[in-house]
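Visitor: structure of the sequence below:
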Amino acid sequence: MRKLYTSILLFFLLVLSSNSFGQIVANSNNIFTTCGYYGNNPSDNVLFNDTLNGNAFSYTDVTITIINNPYNGIIDLDIDPLSSSYGFLILYNPTIYGQFTIAYQICEVANPTNCDIGYVT
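Guide: Numbers count the residues shown, from 1 in each chain. Okay, the predicted model is just below:
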(Lines give C-alpha, C1' and ligand atoms only; values in the text may rest on other atoms or scores of the structure.)
Protein backbone atom coordinates (compact mmCIF):
# COMPACT_ATOMS: atom_id res chain seq x y z
CA MET A 1 0.00 0.00 0.00
CA ARG A 2 2.87 2.35 0.77
CA LYS A 3 4.22 1.79 -2.73
CA LEU A 4 0.87 2.82 -4.20
CA TYR A 5 0.82 6.06 -2.18
CA THR A 6 4.40 6.80 -3.19
CA SER A 7 3.53 6.25 -6.86
CA ILE A 8 0.48 8.52 -6.62
CA LEU A 9 2.51 11.23 -4.86
CA LEU A 10 5.27 11.04 -7.49
CA PHE A 11 2.69 11.28 -10.26
CA PHE A 12 1.14 14.44 -8.80
CA LEU A 13 4.54 16.00 -8.17
CA LEU A 14 5.45 15.36 -11.79
CA VAL A 15 2.21 16.93 -13.01
CA LEU A 16 2.62 19.96 -10.75
CA SER A 17 6.26 20.47 -11.68
CA SER A 18 5.51 20.38 -15.41
CA ASN A 19 2.79 23.00 -14.93
CA SER A 20 4.84 25.26 -12.70
CA PHE A 21 6.68 26.74 -15.68
CA GLY A 22 4.98 29.11 -18.08
CA GLN A 23 4.09 28.02 -21.58
CA ILE A 24 6.47 29.43 -24.18
CA VAL A 25 5.03 30.49 -27.56
CA ALA A 26 7.08 31.33 -30.66
CA ASN A 27 4.83 33.36 -32.97
CA SER A 28 5.50 33.70 -36.70
CA ASN A 29 7.24 36.84 -37.98
CA ASN A 30 7.26 38.73 -41.29
CA ILE A 31 10.34 40.93 -41.52
CA PHE A 32 11.59 42.99 -44.45
CA THR A 33 15.34 43.49 -44.56
CA THR A 34 18.03 44.79 -46.84
CA CYS A 35 21.72 44.05 -46.26
CA GLY A 36 23.56 43.29 -43.04
CA TYR A 37 22.13 42.96 -39.57
CA TYR A 38 18.60 44.15 -39.42
CA GLY A 39 18.57 45.35 -35.85
CA ASN A 40 17.35 48.92 -35.96
CA ASN A 41 13.78 48.27 -34.82
CA PRO A 42 13.00 46.01 -31.81
CA SER A 43 9.84 44.75 -33.53
CA ASP A 44 12.06 43.21 -36.22
CA ASN A 45 13.58 40.80 -33.71
CA VAL A 46 12.05 37.29 -33.98
CA LEU A 47 11.62 37.24 -30.19
CA PHE A 48 9.63 40.49 -30.11
CA ASN A 49 6.19 38.86 -30.36
CA ASP A 50 7.03 35.60 -28.58
CA THR A 51 5.66 35.04 -25.09
CA LEU A 52 6.33 33.13 -21.90
CA ASN A 53 3.22 32.41 -19.86
CA GLY A 54 1.35 34.96 -21.98
CA ASN A 55 3.84 37.78 -21.29
CA ALA A 56 6.83 39.34 -22.99
CA PHE A 57 10.19 38.16 -21.67
CA SER A 58 13.80 39.26 -21.61
CA TYR A 59 15.91 37.95 -24.47
CA THR A 60 18.26 36.44 -21.89
CA ASP A 61 15.44 34.15 -20.71
CA VAL A 62 15.58 32.02 -23.88
CA THR A 63 17.94 30.31 -26.27
CA ILE A 64 17.41 30.22 -30.04
CA THR A 65 18.23 27.27 -32.27
CA ILE A 66 17.80 27.26 -36.04
CA ILE A 67 15.69 24.25 -37.02
CA ASN A 68 15.65 24.75 -40.79
CA ASN A 69 17.50 27.27 -42.95
CA PRO A 70 17.78 26.15 -46.59
CA TYR A 71 19.21 29.59 -47.46
CA ASN A 72 22.46 29.29 -45.52
CA GLY A 73 24.93 31.86 -46.84
CA ILE A 74 22.12 34.09 -48.13
CA ILE A 75 20.14 34.83 -44.98
CA ASP A 76 20.61 33.74 -41.39
CA LEU A 77 19.42 34.37 -37.86
CA ASP A 78 21.78 35.62 -35.14
CA ILE A 79 21.58 32.99 -32.39
CA ASP A 80 24.59 34.16 -30.36
CA PRO A 81 23.13 35.28 -26.99
CA LEU A 82 26.17 37.50 -26.37
CA SER A 83 25.61 39.42 -29.59
CA SER A 84 23.87 42.78 -29.61
CA SER A 85 21.89 41.57 -32.63
CA TYR A 86 20.62 38.38 -30.94
CA GLY A 87 17.37 37.31 -32.64
CA PHE A 88 17.75 39.55 -35.69
CA LEU A 89 18.08 38.45 -39.31
CA ILE A 90 21.36 38.70 -41.21
CA LEU A 91 21.23 39.17 -44.99
CA TYR A 92 24.59 38.40 -46.58
CA ASN A 93 23.94 39.23 -50.21
CA PRO A 94 22.17 42.54 -51.02
CA THR A 95 21.61 41.59 -54.66
CA ILE A 96 19.37 38.63 -53.86
CA TYR A 97 15.73 39.32 -53.19
CA GLY A 98 12.71 37.16 -52.57
CA GLN A 99 10.80 35.56 -49.77
CA PHE A 100 12.73 33.25 -47.47
CA THR A 101 11.50 31.33 -44.43
CA ILE A 102 13.64 30.09 -41.56
CA ALA A 103 12.33 27.82 -38.79
CA TYR A 104 13.71 28.43 -35.33
CA GLN A 105 13.12 27.04 -31.85
CA ILE A 106 13.15 28.98 -28.62
CA CYS A 107 13.63 27.28 -25.26
CA GLU A 108 13.36 28.73 -21.78
CA VAL A 109 16.75 28.93 -20.05
CA ALA A 110 15.21 28.09 -16.64
CA ASN A 111 13.41 25.05 -18.11
CA PRO A 112 15.20 23.84 -21.28
CA THR A 113 12.41 21.37 -22.10
CA ASN A 114 9.91 24.24 -22.42
CA CYS A 115 10.29 24.99 -26.14
CA ASP A 116 8.32 26.08 -29.18
CA ILE A 117 9.03 26.42 -32.90
CA GLY A 118 8.48 29.67 -34.80
CA TYR A 119 8.98 30.84 -38.36
CA VAL A 120 10.43 34.06 -39.72
CA THR A 121 9.72 35.05 -43.32
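Visitor: quick one: the most centrally placed residue in the chain from T95, how far?
Guide: Centroid-nearest residue in the chain: I106, 2.4 Å away (criterion: C-alpha atoms, centre = their mean). Going from I106 to T95 by C-beta to C-beta, to the nearest Å gives 31 Å. All C-beta spots, glycine's among them, are computed from the backbone N, C-alpha and C.
Visitor: how about P42?
Guide: Distance of P42 to T95, given as C-beta to C-beta: 28 Å.
Visitor: can you pull out the helices in this protein?
Guide: Remark: helices assigned in the chain by DSSP state H are 2-19.
Visitor: who does the residue nearest to the centre of the chain form a beta bridge with?
Guide: I64, D116 (DSSP bridges).
Visitor: out of P42 and T95, which sits in the busier spot?
Guide: Neighbours were tallied for P42 and for T95 using other C-beta atoms under 10 Å; the higher tally belongs to P42 (11 against 5).
Visitor: residues touching the residue nearest to the centre of the chain, list them.
Guide: I24, A26, L47, D50, V62, T63, I64, T65, C115, D116, G118 (C-beta atoms under 8 Å, 6 or more residues apart in numbering).
Visitor: just the buried residues from those residues, in PyMOL please.
Guide: Selection of the buried residues among these in PyMOL, burial being defined by 16 or more other C-beta atoms under 10 Å:
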select buried, resi 24+26+47+50+62+63+64+116+118
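Visitor: many thanks, I have nothing further to ask.
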